[in-house]
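>>> the following comprises the amino acid sequence and a computationally predicted model.
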Amino acid sequence: MSSQIIFCSADYTSNFFDSPEFFLTVLRLVGFLALPFHIFGGYCILFKTPKEMISVKWTLLNLHLTSCFSDWSLSFLGTLYFFVPLMGASPLGILTRVGMGMPEISYLLEVAIASVAASVVVILENRFYILSSKNLWWHRFRYPFLVFTYLTVFTFFYPIYIDMPAGSDNKRDLILQTLPCLSNRMRELPLYLVVEDRWQFIKWTGSESIFLCTCLIILFISIKWSLKQYGRNLSKKTLDLQKKLIRAIILQLAIPFSVIIIPTSYYSHFPYFIGSMNNIMFIIISNHGFVSTIVMLIVQKPYRDYSLKLLGVGGRGLKRRMGPPTGVKKIRAVSSNIATRNSNLTNHALLLWNGILSSISIPFHLFGAYCILFKTPQFMSSVQMPLLHFHFWTFMVDLMISVLVSPYVLVPTFTISVHGIFQEIGLNPGIQACLIVITIETMCFSINQILENRYMILINGNRIWRKIRVPWLVLNYLLIPFFRKGKIECFRGDFFHINWFASGGISKLPSKPSLVVSDWILSKSFLTLPCLPSEIRESKLFVLNEKLITILSDKTARLQKKFLKSLLIQIYTPALVIGASLIFLLMEYALGFYSQKANNIAFIYISCYGLAATIAMLIVHNPYRVFIVNIFRGIINFFGFRSAMRNESIVVVSSVVHNKNRI
C-alpha cells in the first residue's frame, strides 16, 4: 500500500448513522428481540419434530445452533465495527472487555460464519443419504467427507490468523492516513488492520466459499437425481412427502442466504468508505440467524402448525395449562450518574426508529383496511364497521406517537420534548399532549364498541338496549375530549422538575422541555385507566352470558364463540406489546430512577401497538388469513413452485404416517 490510497470520497461527512453508538444500539436491540425466537425455534426442533422428520431433526438443530451462535458472535461477543473497503475493524464486544485480542476474535467470527455454511452442506448431504440409502459407496465415503468439511471450517482462516499481531491495535497510523474522514469519535476507538492487501483475505475466504458452494451444487444435483432414480421404488405419498420436505428445506436455506449475499456484494464492489452503509450491511448480516429461524417456523409445516396453535389460529387456541407467570422479578434502579452520557440523552435514535417503524407499518395498515373493506365476507358484515373503526384508531395512535407528535419523554418526571410534524407547524405542545391522550382513549373505547356490537347481535330482541345504545355510544365519545379538558398544563422554559435532573448528575439536557406534566395531573390520569378494562370486562361478560348462548342453535353458538375468541386475541395480543413498557415506566416513576435508553426503547415498543394489532387481525380472522395465503400462493406459483394447498380451502391432513413412509 505504498501508493497511499485514500478510501474517503471528497464529499463524505460523518453523521449519527456512522457512529459506533448507532451500530451497537441496533445490534443489541435486534439481538435481544431475536433471542425468544431462537429459543422457541430450538424448542420446536427438539420437541415438536414429528416422527416422519426424525432423520432430519438433528441436522436442523445443528443449523439452528450454528446460526444462533453466528448471530450472537456478531452482535454481542465479537461486535466488530468495520472500516470497509479497508480490511480494518475496531473490536467493541464482550470478548474485548475480558481481554481477548483482535486475532482471536476475528478467527472466532470467521469460524462461526463458515460453520453455518457447513451446516447447510450437512443438511443437503443428509437428504441425499436418506434418498440413496442403497448406495453403499456413499455410505462409506460420507463420514470422511463430513469430517473434512468441518476441518476446512477451522483451518481456512488459520494462515491469516497466524500472521496477525496480538492486541487490539495494529497499524493505527496507516488506517488514519487512508481514512482521513473518520470522525473524532471513531479515532478514539482501538483500530486494527487485519491485512494490508484485502486480496490476501479474499484468496483464503474465497477458496473456502468455492469449496462449500461446489459441495452444495453437487449435493443439490445428486438429490434431484436420487428423486428420479429411487423415486420409482417409493409410494406416491412418500415421494410427495420427500419433495415437500426438500422444497421446504431449500426455502429455509435460500431466503436467509440472500441476507448475506446482498451486503457481501456491496463490500466487493464499492470503493469508498461510508460508515452508515457499513453499519447497515453488518447489521443485516448479523440477522441471518434470526431470519433463518423465522423462515424455518413458517416453511416447516409441523412448526408452523404449532406456532399458529399457540396464537389461537386453528386448533384449540391457547393451551389452558399455560397459566399466569409464577412471579415478578424486581427491577433494579439505574444510577442517574450513568445517564450523564450524551448518547443516552440524544433524541436522534428515537426519531430514527419512529421513522423506520412508520415506514414499515403504513403498508400493513393500508393492507389491513383494504382487507376489512373488501375482503370481509357477508357473515361478518355486522362487525365490519366496528373493526374498521378500531383499525383506524390503532393506526392513529401509531401515527401520533411516531410522526405527528413524536414525544421524547424524560421519565420519571414526564418532562416531554415534542419533535413531530405538529411541532414544526407551531401547534401548542399542551394541545399535542391532549391529542395523544384523546387518541389513545378513543382507541380503547373502540374496543368497547366492538364488544358492544357482539352483545347487540346476540340480544337482537332486547328492545330496551336497542333504544339506549346509540345515545350511550354518543355520550361516551363526547365525554372523551371533555374528560381531558384542563387536565394537561403546558409550561414554557424551566420548571421545578429540571432541578431533579441537575441534582441527579445530569448537567446537560438535549433541549429545553416543551411540556412538563405535574404529579397530581399524572396521578389523576392513571386513576382513570382502570375504568377502561372494567368496561371491556363487562362487555365480555355480556357476550359470554350462557343464557344468551342457549337460545341459539349449536352451530351459531359455536361460530359466535369462535369469532369472539378471534376478536379477543386481536384485542389483547397487541396489549402485550405495550404492557411491559408501561409497567417499566410506572416503576421508573414510582422509584424515581432514570435511564433514557430504556425510556426510548419503551416508547418505541408502545408506538408498535397499531402494527401489532393489524398483524394480529390479519392472522386470527380466517377470511383475511386465507386471502394472504392466496397471495403468497400466487407469488410462489409465479416463481415456478407448486403450492401445497388447494385453491379454495386448506385441507388438514392426518399426521399419522406408517413407518414405511418415514422420511
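Alright, I've got the coordinates. Quick caveat, the model's predicted, so the values are computed rather than measured.

>>> in the host helix or strand of Q229, what counts as buried?
Assigned by DSSP states H and E, Q229 belongs to helix 198-230. Of all the residues in helix 198-230, those buried under the rule 16 or more other CB atoms under 10 Å are 198, 201, 204-205, 208, 211-212, 215-216, 219-220, 222-223, 226-227, 230. Any C-beta I mention is one placed from the backbone N, CA and C, and that applies to glycine too.

>>> stretch 93-109 too?
For stretch 93-109, by 16+ other CB under 10 Å, it's 93, 95-96, 100-109.

>>> which of those residues fall in helices?
Judged by DSSP state H, the buried residues of stretch 93-109 include L95, T96, M102, P103, E104, I105, S106, Y107, L108, L109 as members of helices.

>>> let me have those in JSON lines, extended by distance to N622 and pLDDT.
Compiled in JSON lines, these are given as follows (distance: CB to CB, whole Å; pLDDT from 0 to 100):
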{"residue": "L95", "distance to N622": "49", "pLDDT": "88"}
{"residue": "T96", "distance to N622": "51", "pLDDT": "86"}
{"residue": "M102", "distance to N622": "55", "pLDDT": "87"}
{"residue": "P103", "distance to N622": "56", "pLDDT": "88"}
{"residue": "E104", "distance to N622": "53", "pLDDT": "89"}
{"residue": "I105", "distance to N622": "50", "pLDDT": "89"}
{"residue": "S106", "distance to N622": "51", "pLDDT": "88"}
{"residue": "Y107", "distance to N622": "52", "pLDDT": "89"}
{"residue": "L108", "distance to N622": "47", "pLDDT": "90"}
{"residue": "L109", "distance to N622": "45", "pLDDT": "89"}
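
>>> any idea what Y408 is structurally, helix, strand or coil?
Under the three-state scheme (DSSP: H, G, I helix; E, B strand; the rest coil), Y408 adopts strand.

>>> isn't it up against G420?
No: contact criterion CB atoms under 8 Å: Y408 and G420 do not qualify, at 9.9 Å.

>>> higher neighbour count, the two?
Y408 (24 against 21; other CB atoms under 10 Å).

>>> quick one: the more buried one from R454, how far?
39 Å (CB to CB, to the nearest Å).

>>> and if you look at N630?
28 Å.

>>> quick one, which of the two is more surrounded?
R454 (21 against 14).

>>> and that one, what pLDDT?
At R454, the model reports a pLDDT of 76.

>>> how about F627?
Value listed for F627 in the pLDDT field: 87.

>>> surely it meets C371?
Yes: here F627 reaches C371: they are 6.3 Å apart, a contact under CB under 8 Å.

>>> these two: who's more crowded?
Ranked by neighbour count (other CB under 10 Å), F627 and C371 place C371 first, with 21 against 16.

>>> so the more buried one, which of the three states?
Secondary structure of C371, reduced to three states by three-state DSSP: helix.

>>> host element of the closest residue in space to it that isn't next to it in sequence?
Counting by CB to CB, 6 or more residues apart in numbering, Y624 is the residue found nearest to C371 once chain neighbours are left out, at 4.5 Å. When elements are assigned from DSSP H and E, Y624 belongs to helix 622-638.

>>> just how off-centre is that helix within its chain?
22 Å (CA atoms, centre = their mean, to the nearest Å).

>>> before we move on, what about stretch 616-633?
Using CA atoms, centre = their mean, the offset of stretch 616-633 from its chain centre is 20 Å.

>>> using CSV, write out every CA atom in that stretch.
Output of stretch 616-633 as CSV, limited to C-alpha atoms (Å, rounded to 0.1, in the frame of the first residue of the first chain):
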residue,chain,number,x,y,z
ALA,A,616,-52.9,-10.0,14.8
MET,A,617,-56.1,-9.1,12.9
LEU,A,618,-54.7,-10.4,9.6
ILE,A,619,-53.7,-13.7,11.3
VAL,A,620,-56.6,-14.5,13.6
HIS,A,621,-59.5,-13.8,11.2
ASN,A,622,-59.8,-16.6,8.8
PRO,A,623,-61.1,-14.7,5.7
TYR,A,624,-58.1,-12.3,5.9
ARG,A,625,-55.7,-15.0,6.6
VAL,A,626,-56.9,-17.1,3.6
PHE,A,627,-56.6,-14.0,1.4
ILE,A,628,-53.0,-13.5,2.5
VAL,A,629,-52.2,-17.2,1.9
ASN,A,630,-53.7,-17.0,-1.6
ILE,A,631,-51.4,-14.0,-2.3
PHE,A,632,-48.3,-15.9,-1.2
ARG,A,633,-49.6,-18.9,-3.2
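
>>> now that stretch: buried residues?
Those would be A616, M617, L618, I619, V620, H621, N622, Y624, R625, V626, F627, R633, for stretch 616-633 by 16+ other CB under 10 Å.
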